[in-house]
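Peer 1: The following comprises the amino acid sequence and a computationally predicted model.
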Amino acid sequence: MPEIRYCNVSELTEDERWRLATEVEARNTARRMSMTDEERRQNPPWKTEDVPEERQIVLRKR
């Protein structure tokens, strides 16, 4: 399960920003755009993320 943080993006380090779930999703979407339909069917989105779910960070407002 992703880590949940209660802070502003400006308080995060570069590594933490890289691990933001929204950033992981954006990079994954961009990467999957170059895949064929068949490749996308064979590889669900959670298997092509570059940061494992347990290392991702989800921001919540305070």
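Peer 2: Sure thing, it's come through.
Peer 1: residue contacts, residue 7?
Peer 2: Contacts for residue 7 (CB atoms under 8 Å, 6 or more residues apart in numbering) come out as 59, 62. For glycine as for every other residue, the C-beta is placed from the backbone atoms N, C-alpha and C.
Peer 1: Which of the three states applies to the residue lying farthest from the centre of the chain?
Peer 2: Each residue of the chain has a distance to the centre, and by CA atoms, centre = their mean the biggest one is for residue 38: 22.4 Å. Here residue 38 is helix, with the state taken from DSSP: H, G, I helix; E, B strand; the rest coil.
Peer 1: Could you shift the numbering so residue one becomes 34, and keep it that way?
Peer 2: All set: I'll call the first residue 34, so the last point we hit is now residue 71.
Peer 1: What distance do you get for it to residue 77?
Peer 2: Separation of residue 71 from residue 77 (CB to CB, to the nearest Å): 13 Å.
Peer 1: ok, now residue 61?
Peer 2: 11 Å.
Peer 1: who's more crowded, those two?
Peer 2: Comparing residue 61 with residue 77 by other CB atoms under 10 Å, the one with more neighbours is residue 61, at 17 against 8.
Peer 1: how about the CA coordinates for the worst-scoring helix or strand of the chain on mean pLDDT, as PDB?
Peer 2: Within the chain, no helix or strand scores below strand 36-39, which has a mean of 89 by mean pLDDT, DSSP states H and E. Once non-C-alpha atoms are left out, strand 36-39 reads as follows in PDB (Å, rounded to 0.1, in the frame of the first residue of the first chain):
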ATOM      1  CA  GLU A  36       2.600   5.700   1.900                       C
ATOM      2  CA  ILE A  37       0.200   8.600   2.700                       C
ATOM      3  CA  ARG A  38       1.700  12.000   3.500                       C
ATOM      4  CA  TYR A  39       0.100  15.100   4.800                       C
END
